[in-house]
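Undergrad: Let's see this in three dimensions:
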Amino acid sequence: MKVVTCIAPVNIAVIKYWGKKDEELILPLNDSISASLSTDIMCAKTTVMASPSFEKNRFWLNGKIQCMETNTRLSNCIEMVKKRADSSLEHYNWNISICSENNFPTAAGLASSAAGYACLVYALAKLYKIEGEISEIARQGSGSACRSVYGGWVQWHSGTLPTGEDSIASQIAPASHWPEMRALVLVANDSRKKFGSTLGMYRTTKTSTLIWERVNKVVPERVKQMRQAILSKNFESFAEITMKDSNSMHAVILDTYPPGIYMNDISQAMVNLVHCYNDYKGHNSVAYTFDAGPNACIYLLESEVDEFIAVVNYVFPKLKSVPNSEYYKGYPLPDTTKYVKNKELNVSPCSEGMLKYIIYTRVGEGPSVLVDQKEHLLQQNGLPKH
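TA: Here you go, the predicted model:
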């Protein structure tokens, strides 16, 4: 029996990927840039086990058995890893059991598939002892998964080759490059999306006219600007580009026919809060970005966290019945009960309970292997422990 257990990070894009030029190979219309968030707080965890006694391949996701025969993306990832492996390995032809879990909501716009497929491919690569570039393989599972193969700040290159060989990810800078950077995930709704990103992107490329302006003119220039903002640690520029690109992606989604709508009224209230707060501060102190879901990822520097979280608690008061231990997740936050109302902020509080919880995290490292056998998600018989 051979077994490997790994974890991989969620990544939240600051230059968005929306739309494919090849659906089968998952080739994006444009480059994108993201930050991989700390696996201490949010991660996918995957155990891959190979044994000569397993009668067939099996896969469990968050405790539920999945049909591997119909999951072509999963099959493609396994096949591509094994193509690069040494066929003389003892366990090369053994069947495998896979168990994967996310410690955050799945299919709610929090990049669960990106973390999941990056973790799967990384674990498979370790199991079959392959070295070198694996982001191209992770892309076959979920496009943005290729960015979760690395830690820190990552660029996914759209590539020009029809084979997709050059559509890979590369690291712009490690997490240690900008140690002051923090992220707050404001969870407005952790239920599943009405329709997934794959369908949404397909509709956009077929029906939107705005998408081509974004792909051909807007994003290429923003990628250059964002790389420079990250490398120079210019938060003012970083924040403006981040917010503009989030708005641009959702404008394109709205231009789709029939229109896609991932943000909701709570999302719009978050946008308003950020702009009011930045006006109050006199510069861009915080930045929002929304993936294909209603939850905001707020990027900000560590020095800004105390004041901004106090403002969030004033504008989005939590339900009194919800314990702090369930509402505040991630790294410890400052005293969340203190807030001196400032009339200059020019924003009114919403009703209680509009946010379900808040996650406080930071930019972190890429995937890693867990060596403690207690971390394995599978028993020796290949069945999940839980």
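Undergrad: Now do the same contact list for T46.
TA: 5-8, 98-101, 116, 119-120, 123, 377 (Cβ atoms under 8 Å, 6 or more residues apart in numbering). For every residue, glycine as well, the C-beta is placed using N, CA and C.
Undergrad: residues contacting V81?
TA: V121, L124, A125, Y128, I130, I134, I137.
Undergrad: Can you give me the buried ones in the helix or strand containing T242?
TA: Under the criterion of DSSP states H and E, T242 resides in helix 235-254. Buried residues in helix 235-254, counted by 16 or more other Cβ atoms under 10 Å: 235, 237-243, 245-246, 248-250, 252-253.
Undergrad: how about low-confidence regions in this protein?
TA: Along the chain, the model assigns pLDDT under 70 to residues 105-111, 189-194, 335-343.
Undergrad: mind running it again at 50?
TA: 107 (pLDDT under 50).
Undergrad: if we can go back for a sec, which strands and helices lie in contact with the helix holding T242?
TA: For helix 235-254, the elements it packs on are strand 11-15, helix 197-207, helix 210-213, helix 219-231, strand 286-290, strand 296-301, judged by 3 or more Cβ pairs under 8 Å, 6 or more residues apart in numbering; DSSP states H and E.
Undergrad: Kindly confirm my reading that S158 forms part of a helix.
TA: No. Counting by DSSP: H, G, I helix; E, B strand; the rest coil, S158 is not part of a helix but coil.
Undergrad: Make 562 the starting number, not 1.
TA: Done: numbering now begins at 562, and the last item shifts to S719.
Undergrad: what sits against it?
TA: K582, L588, P589, L590, N591, D592, S728.
Undergrad: switch to 7 Å and redo it
TA: The neighbourhood of S719, defined by Cβ atoms under 7 Å, 6 or more residues apart in numbering, consists of L588, P589, L590, N591, D592, S728.
Undergrad: Filter those residues down to just the ones in strands.
TA: Secondary structure assignment by DSSP state E places L588, P589 of those in strands.
Undergrad: Output the contacts of S719 as CSV; include the columns neighbour count.
TA: Output for the contacts of S719, formatted as CSV (neighbours: other Cβ atoms under 10 Å):
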residue, neighbour count
L588, 20
P589, 25
L590, 21
N591, 22
D592, 21
S728, 24
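Undergrad: Specify which member of the contacts of V642 is nearest to G713.
TA: I695 (16.8 Å; Cβ to Cβ).
Undergrad: burial count for the closest one?
TA: 23 (other Cβ atoms under 10 Å).
Undergrad: right, and H738 touches G713 too?
TA: Yes. Counting by Cβ atoms under 7 Å, H738 touches G713, with 6.4 Å between them.
Undergrad: Which one's more surrounded, those two?
TA: Neighbours per residue, other Cβ under 10 Å: of H738 and G713, the larger number sits with G713, 22 against 15.
Undergrad: right, and the more buried one touches V924 too?
TA: Yes. Applying Cβ under 7 Å, one finds G713 in contact with V924, separated by 6.3 Å.
Undergrad: before we move on, the earlier item: out of the contacts of V642, who has the most neighbours?
TA: Compared across those, V682 has the highest neighbour count, 31 neighbours, by other Cβ under 10 Å.
Undergrad: How much space separates that one from G624?
TA: Using Cβ to Cβ, to the nearest Å, we find V682 at a distance of 21 Å from G624.
Undergrad: ditto for I576
TA: 34 Å.
Undergrad: Compare the two and say which one has the larger neighbour count.
TA: Counting neighbours by other Cβ under 10 Å for I576 and for G624 shows that I576 has the greater number, 26 against 11.
Undergrad: host element of L747?
TA: strand 742-748.
Undergrad: neighbouring strands for that strand, and are they parallel or not?
TA: Here strand 742-748 is paired, per DSSP bridges, with strand 857-862 (antiparallel), strand 918-923 (antiparallel).
Undergrad: Out of those strands, which is the most enclosed?
TA: strand 857-862 (a mean of 24; mean count of other Cβ atoms under 10 Å).
Undergrad: For the helix or strand following it, name the packing helices and strands.
TA: Per DSSP H and E, strand 857-862 leads on to helix 866-876 as the next helix or strand towards the C-terminus. Where contact means 3 or more Cβ pairs under 7 Å, 6 or more residues apart in numbering; DSSP states H and E, helix 866-876 is packed against strand 742-748, helix 826-842.
Undergrad: if you set the cut-off to 10 Å instead, what comes out?
TA: Contact analysis of helix 866-876 by 3 or more Cβ pairs under 10 Å, 6 or more residues apart in numbering; DSSP states H and E lists strand 742-748, helix 826-842, strand 847-851, strand 857-862, strand 918-923 as its packing neighbours.
Undergrad: returning to what we had before: can you list the contacts of S719 in CSV and add distance to S636?
TA: CSV is the format used below for these (distance: Cβ to Cβ, whole Å):
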residue, distance to S636
L588, 19
P589, 22
L590, 25
N591, 27
D592, 28
S728, 20
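Undergrad: Which one of the contacts of S719 is nearest to Y892?
TA: D592 (30.5 Å).
Undergrad: Now do the contacts for that closest one.
TA: When contacts are counted by Cβ atoms under 10 Å, 6 or more residues apart in numbering, D592 touches 576, 578, 716-720, 728, 776, 780-781, 783-785, 787-788.
Undergrad: Please identify, among the residues you listed, the one with the most neighbours.
TA: W717 (28 neighbours).
Undergrad: give me every residue that touches it.
TA: By Cβ under 10 Å, 6+ apart, the residues touching W717 are 572, 574, 576, 578, 589, 591-595, 696, 700, 704-708, 710-711, 728-731.
Undergrad: Identify the bridge partners of it.
TA: Assessed by DSSP bridges, W717 has beta-bridge partners S593, A730.
Undergrad: swap in F851?
TA: A857.
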